[in-house]
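Trainee: Got a predicted structure plus its sequence, pasted below:
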Amino acid sequence: MRVCVCCCVALLMIGSQLLCAQASGQQKAGEPNAPPPSPLSSDDKANELSEQVGKLMVKCVNLLTAQDPLSLDYCKQQRDLADQYPPRERMMDKMLAHDEYGIALAAFDHKKEALEEFDQEVALVPKAVKPGSTEWSTAYWHRAMIYTQLGEVDKADHDYRAAEANFRKASFNSGEPSAVKKRRAILRQHAALLQKEGKTEAAHQLLEEAAKAE
């Protein structure tokens, strides 16, 4: 008799638990769905991408320095990810990503593809950097070198002049050693191009300007 009572009590407890679980399930089913997560702001999305872009940039530059063909893959990944930044966000990162991928392409003899990257970089220049900055001149300089290699002398001359004109602006930081070094390199390369074209006097003037910049 005592066994039967215990069995009945056990069955009642199990039944009670099942009823509670069923009621709980019905209550949850009747509840309205949770609101969807709010979309990320452009700042949040940019911050989320920034760390990944930075890691790829380090890998890209290190492989480029080592002249490793794998740089093509990592620099492309960096470029692709940087292009996912929201509009008007991290424009400098986008610009540098195109520049580094362009350098990688040029280093492994993909000159026309490199030119496309430098075209996109130059298009970003006025949105990303201020006149007089080293990056402004560097973008035109790198494209000028590709134009030279492709034999498009007039276009190369135009870009060298654009790079030099930017360095001559009052806002140019002439006290920055790396900027001065780039300025001398641009002037000397442009002079070599003009010398090859028989424009000796113009080439000499650029070499004089390069000497004064030292």
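Mentor: Yes, it's here.

Trainee: what's next to the helix or strand residue 75 falls within, contact-wise?
Mentor: If you go by DSSP states H and E, residue 75 is part of helix 71-82. Residues outside helix 71-82 that contact it (Cβ atoms under 8 Å, 6 or more residues apart in numbering): 49, 52-53, 56-57, 59-60, 63-64, 90, 93-94, 96-98, 100-101, 103-105, 107-108, 110, 117. (C-beta placed from N, C-alpha, C; glycine too.)

Trainee: what angle sits between the next helix-or-strand element following that helix and helix 71-82?
Mentor: Once helix 71-82 ends, the next helix or strand along the chain (criterion: DSSP H and E) is helix 91-107. Using axes from the mean of the first three to the mean of the last three Cα atoms, to 10 degrees, one finds that helix 91-107 and helix 71-82 are set 160 degrees apart in direction.

Trainee: Check which residues of helix 91-107 are buried.
Mentor: Judged by neighbour count using 16 or more other Cβ atoms under 10 Å, the buried positions of helix 91-107 are 91, 93-107.

Trainee: pull the helix or strand with minimum mean pLDDT from the chain.
Mentor: helix 2-30 (a mean of 42; mean pLDDT, DSSP states H and E).

Trainee: Which helix or strand lies directly C-terminal to that helix?
Mentor: helix 42-65.

Trainee: That next one - contacts with which helices or strands?
Mentor: helix 71-82, helix 91-107 (3 or more Cβ pairs under 8 Å, 6 or more residues apart in numbering; DSSP states H and E).

Trainee: Can you lay out the ones you listed as a markdown table showing mean pLDDT?
Mentor: Listed next are the helices and strands packed on helix 42-65 as a markdown table, based on pLDDT from 0 to 100:
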| stretch | mean pLDDT |
| --- | --- |
| helix 71-82 | 97 |
| helix 91-107 | 97 |
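
Trainee: Low-confidence regions, the protein specifically.
Mentor: 1-40, 42, 214 (pLDDT under 70).

Trainee: Turn the helices and strands packed on helix 42-65 into a markdown table, including distance to residue 164.
Mentor: Below are the helices and strands packed on helix 42-65 laid out as a markdown table (distance: least, Cβ to Cβ, whole Å):
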| stretch | distance to residue 164 |
| --- | --- |
| helix 71-82 | 27 |
| helix 91-107 | 19 |
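
Trainee: was I right about residue 174 contacting residue 182?
Mentor: No. Using Cβ atoms under 8 Å, residue 174 makes no contact with residue 182, being 11.7 Å away.

Trainee: So between the two, which is more surrounded?
Mentor: Neighbour count, other Cβ atoms under 10 Å: between residue 174 and residue 182, residue 182 has more, with 18 against 11.

Trainee: got a list of what the more buried one touches?
Mentor: 134, 137-138, 141.

Trainee: of those, buried ones?
Mentor: Of the contacts of residue 182, these count as buried by 16+ other Cβ under 10 Å: 134, 137-138, 141.

Trainee: taking these one by one, which sit in helices?
Mentor: 134, 137-138, 141 (DSSP state H).

Trainee: Great, nothing more from me.
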